[in-house]
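K.L.:
What shape does this take:
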Amino acid sequence: MTIVKVAKHAGVSTATVSRVLNNFPHVGAETARQVRASAEALNYTIPAIYKRARGRGVGRPNTSRRRTNSIAILTIGQTRDWLQLPVMAAAVAGISRAAREHGLRLVIDEQLDLAKPPNSITNHGADGAIVFVPNSVSGADPQVSLLSLKAHLPIVRVMGSSTGVGVVDHICVDHHAIGCLALDFLGSRGCQQVAVLTMDPAWHLMRRRWHAFAGAAYDKHIAASSYILSQDPALADLYGPHTVIDNVLESLVSRLVKSKPRPAGLFVSNDAAVVQVYPLLQRMGVQPGRDITIISCDNEDIRLCSLNPRPASIDPRSEEVGWRAVRQLMSRLENSDEPPIHINVTPRLTVPAPTPDEAAAPTA
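P.N.:
Numbering: from 1, shown residues only. Purely as a prediction, here's the structure:
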């Protein structure tokens, strides 16, 4: 008998049933009586959270806390508006799909104060949380906030990139594979001179993509260079000797166009950047798809649909990341003493279908 049937029998929401059966405050006396009567009529008892006994392979119930059948989506150091970005929204869609499959209610909240978890966490309003956190939050270490949250309830971090051994479970995109996929695509198009252009070179995930790209190029004897938008000369050293740095995007693209030899293939590190690079190339007389082969990352249709020809892009499969995060959180609820795990979700190359003109063009 599920909590959904109890809610239907009582004529209330599943959240109300959870609050009543867990003795949460702010529920009317008549509503509470009605819910308890329905639960009794249906012989329903809300399950306890089971925790694996420390040092033993047998689980035992934690009777100090009862399940609410709710999980939280929490942003740390960012407002909830951050989740409206296409890549993040796809991850939230995956979380929502998995929550429906498990009969869970979702609560979305934000934690702007790194030292103070929101009420949805501290007041036991959720059984666990899926956490979005940048690798760097105003110079603070996000691991500290994650440890603080972990003291209240089981959590799983999603998105971002791995910077070593984490303190909590982390499900994210395989950014190393993204760099390798980009190089393989350009190499398959016969490009022997390639480059990466990024507008966010300090981001850890962008650096991982570049290092994978450069390493794959070295293995295949393809010449690779990098163009980074920054004012930090230390980043130029980090990206290697064949790096061009500029703090104005138009000037950076101009230097790429005027380079000799000019790259035949270009990996623009994300779709948010490629929509700005395309018109600059065209204004400088370089036609993407004809004069230079471009691949991007994130596969955001809302951005790419305006580009002609539409470039290839790498789908990070953010929805799969969100779906797996819920599955891991369910496992963590049952096995709280297991060490943290890290799961990389494999990205996928997406190549647009050729236009009628391209399909009709004679092959060389």
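K.L.:
C-alpha from now on. contacts and neighbour counts both.
P.N.:
OK.
K.L.:
can you give me the helices for the stretch 51-200 of the chain?
P.N.:
86-101, 119-122, 142-150, 175-188 (DSSP state H, counting those that start in this stretch).
K.L.:
Now S331. Its backbone dihedrals?
P.N.:
phi -70, psi -40 (degrees, to the nearest 10).
K.L.:
Give me the pLDDT value at it.
P.N.:
Per-residue confidence (pLDDT) for S331: 91.
K.L.:
And for S336?
P.N.:
So, for S336, pLDDT stands at 81.
K.L.:
all numbers from here: first residue = 16
P.N.:
Let's use 16 as the start, then, which means that last one is S351.
K.L.:
Hmm, it is touching L168, no?
P.N.:
No: under the criterion of Cα atoms under 8 Å, S351 is not in contact with L168, lying 9.4 Å apart.
K.L.:
which residues does the residue nearest to C195 when sequence neighbours are not counted contact?
P.N.:
The shortest distance from C195 to any non-neighbouring residue, by Cα to Cα, 6 or more residues apart in numbering, is to F228 (5.2 Å). Counting by Cα atoms under 8 Å, 6 or more residues apart in numbering, F228 touches 191, 194-195, 197-198.
K.L.:
Next: H357.
P.N.:
181, 184-187.
K.L.:
now these as JSON lines including neighbour count?
P.N.:
Below are the contacts of H357 laid out as JSON lines (neighbours: other Cα atoms under 10 Å):
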{"residue": "G181", "neighbour count": "16"}
{"residue": "D184", "neighbour count": "22"}
{"residue": "H185", "neighbour count": "25"}
{"residue": "I186", "neighbour count": "28"}
{"residue": "C187", "neighbour count": "25"}
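K.L.:
If we only consider these, which is nearest to T31?
P.N.:
D184 (29.7 Å; Cα to Cα).
K.L.:
Assess the claim that the closest one and I356 are in contact.
P.N.:
Yes: contact criterion Cα under 8 Å: D184 and I356 qualify, at 4.8 Å.
K.L.:
Return the helix or strand in this protein with minimum mean pLDDT.
P.N.:
strand 63-67 (a mean of 34; mean pLDDT, DSSP states H and E).
K.L.:
so where's the stretch 216-365 of the chain shaky on pLDDT?
P.N.:
Scanning the stretch 216-365 of the chain for pLDDT under 70 picks out no residues.
K.L.:
mind listing the strands for it?
P.N.:
238-244, 258-261, 280-283, 308-312, 327-330, 357-360, 363-365 (DSSP state E, counting those that start in this stretch).
K.L.:
nearest to V21, of these?
P.N.:
Per Cα to Cα, nearest to V21 of the strands of the stretch 216-365 of the chain: strand 357-360, 35.9 Å.
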